[in-house]
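**Student:** Next one to model:
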Amino acid sequence: MTFGFIRTLFVLLSAVVGFQLGSIYQGYGSAWALAGCLIGAVIALFVIIIENVLGKVSTRGLSAAVFGLTMGLVISKILSGAIDVIPDLDPSLSSAIKITMILILCYIGMVLAMRGRDEFSLIIPYIKFDRQDQKSNLMILDTSAIIDGRIFDISMTKFLEGRFIIPRFVLKELQQVADSNDSLKRNRGRRGLDILNKLKKSSSVAVKIHDEDFPEISQVDEKLVKLARLLEAKIITNDFNLNKVAELQGVGILNINDLSNALKPIVLAGEMMEVHVVKEGKEASQGIGYLDDGTMVVVENSKKMIGQTIRVTVTSVLQTSAGRMIFSKFE
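**Tutor:** Next up, the predicted model:
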C-alpha cells in the first residue's frame, strides 16, 4: 500500500469516528454529527501535515531530541522534589516555579542534544547497526573506489576483513554519474553499479547500505569524512584530495592506488627483462613499452624495434606520484 492510500484511509476513518461521536448528542444526520465528521477530517489532515514535517527530520536528530527531552523531564522531576520541601511556600507559586523549570530544562535539554546529535551513536541505537557492528572493522566505500572496480577483486582475496559500508549519498552520486549525458561518465557510473551488485551478491563480502545523511553538508567528501569519524570507520578511495583531507582529520584511509603501486614487482638496476615496444619515446632513440601491470618502461636505442618483444637491461627506476617508471637500454 502507498502512503497516499494510507493517508486517505486515515482521513476517512477519522471522519467516521467524528461522525459517530457527534451523533451521540443529537442522533444520526444531525448538525452535531456533520460537525463531528468535519472536525475529525480536519484533525486527520493536521496530523498528516505534522507527519510530513517530521519526515524531514533525520532519525538521529529526532532520537537526540527525545533523549534531551527525557533528560530534561528527569532533572526537573528531581528538582521539583527539592521545591516541595521548601517550608511555607505558596502552592500556586510552587506550581508556577515547577512549570517554568520543566519548560526551561526540556528546552535546554533538546537544544543541547540536537547540537551534539552526532555523538549519540553509542547511547541511542538509532543508527542501523547494532553495537557489535560498531566494534567490527567498518570500511566506507567512496564513489571513485566503486567505479574503479578493483575493490571487488581485492575483496575476493579476503585480505580485507570487516564490513563494507555504502552511504546512501554515495549511491545517489553514483546514480547521477550513471544518468549523465556524457557517454564516458555514463559507462563509468553503470560499471560502478555493476560492481556494487557483485559485492552484494557475494557470500564472502558483508555489505551494508547506510541511510544516514548530513543535510547541512553539501560536499560528498565532507559527508564521507564526518560519517567515518562518527562510525570510527576507514574510507576506501582513489581520490587524492579526499585522501589528504581525511588524514588531516584523523580518519583512516585505504587507497587502492597505493596498494597497487606497493604490489608492483620490484626491479633493480642491472636486471634483465622482456618488454614489448609499442611506440616511440620523447627522445630520438627511445621506445616505450609497458609491463602487465601498466608500468611504463622507457627503452634506449629501441626506436627501430617498435612492435617487437626484446630483452633489455634496467638502468634505473623512478617512483612518482603518478606511478613507477622504469628506464632501460637495449644492447
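**Student:** SS state for Val314?
**Tutor:** Here Val314 is strand, with the state taken from DSSP: H, G, I helix; E, B strand; the rest coil.
**Student:** all helices of this structure, in order?
**Tutor:** Remark: helices assigned in the chain by DSSP state H are 3-26, 31-55, 59-84, 91-115, 131-135, 143-148, 150-156, 168-178, 183-201, 220-231, 240-248, 256-262.
**Student:** which of those is buried the deepest?
**Tutor:** helix 143-148 (a mean of 24; mean count of other Cβ atoms under 10 Å). (Glycine included, C-beta is placed from N, CA and C.)
**Student:** packing partners for that one?
**Tutor:** helix 168-178, helix 183-201, strand 234-237 (3 or more Cβ pairs under 8 Å, 6 or more residues apart in numbering; DSSP states H and E).
**Student:** follow-up on the earlier one: which stretch in the helices of the chain is the model least sure about?
**Tutor:** Lowest mean pLDDT of these: helix 131-135, a mean of 44.
**Student:** re the thing from before, of the helices of the chain, which is nearest Asp213?
**Tutor:** helix 168-178 (5.5 Å; Cβ to Cβ).
**Student:** And the contacts of the closest one?
**Tutor:** 141-143, 146-147, 185-186, 188-190, 192-193, 196, 209-213, 220, 223-224 (Cβ atoms under 8 Å, 6 or more residues apart in numbering).
**Student:** Any idea how far it is from the middle of the chain?
**Tutor:** 11 Å (Cα atoms, centre = their mean, to the nearest Å).
**Student:** out of everything not next to it in sequence, what's closest to the residue nearest the centre of the chain?
**Tutor:** For the chain, the residue sitting closest to the mean C-alpha position, by Cα atoms, centre = their mean, is Pro167 at 2.7 Å. Once flanking residues are discounted, Pro167 sits nearest to His210: 5.0 Å by Cβ to Cβ, 6 or more residues apart in numbering.
**Student:** wait, that neighbour sits on Arg163?
**Tutor:** No: using Cβ atoms under 8 Å, His210 makes no contact with Arg163, being 10.3 Å away.
**Student:** tell me the domain ranges of this protein?
**Tutor:** Each domain of the chain is listed here as a residue range: 3-117, 131-261, 272-329, per automatic domain parsing.
**Student:** Now do the shortest one: distance from first to last residue.
**Tutor:** When you say that, I think you mean domain 272-329. 10 Å (Cα to Cα, to the nearest Å).
**Student:** Met272 and Val312, how far apart?
**Tutor:** 7 Å (Cβ to Cβ, to the nearest Å).
**Student:** Which positions are bridged to Gly287 in the beta structure?
**Tutor:** Glu280, Val299 (DSSP bridges).
**Student:** Touching, it and Met305? I think so.
**Tutor:** Yes: applying Cβ under 8 Å as the test, Gly287 and Met305 come out as touching, 6.0 Å apart.
**Student:** Mutual contacts of those two, please.
**Tutor:** Counting by Cβ under 8 Å, 6+ apart, the shared contacts of Gly287 and Met305 are 277, 299, 330.
**Student:** What about the closest residue to the last one other than its chain neighbours, how many residues nearby?
**Tutor:** Nearest residue to Phe330, sequence neighbours excluded (Cβ to Cβ, 6+ apart): Ser302, at 4.3 Å. Neighbourhood size, Ser302 [other Cβ atoms under 10 Å]: 24.
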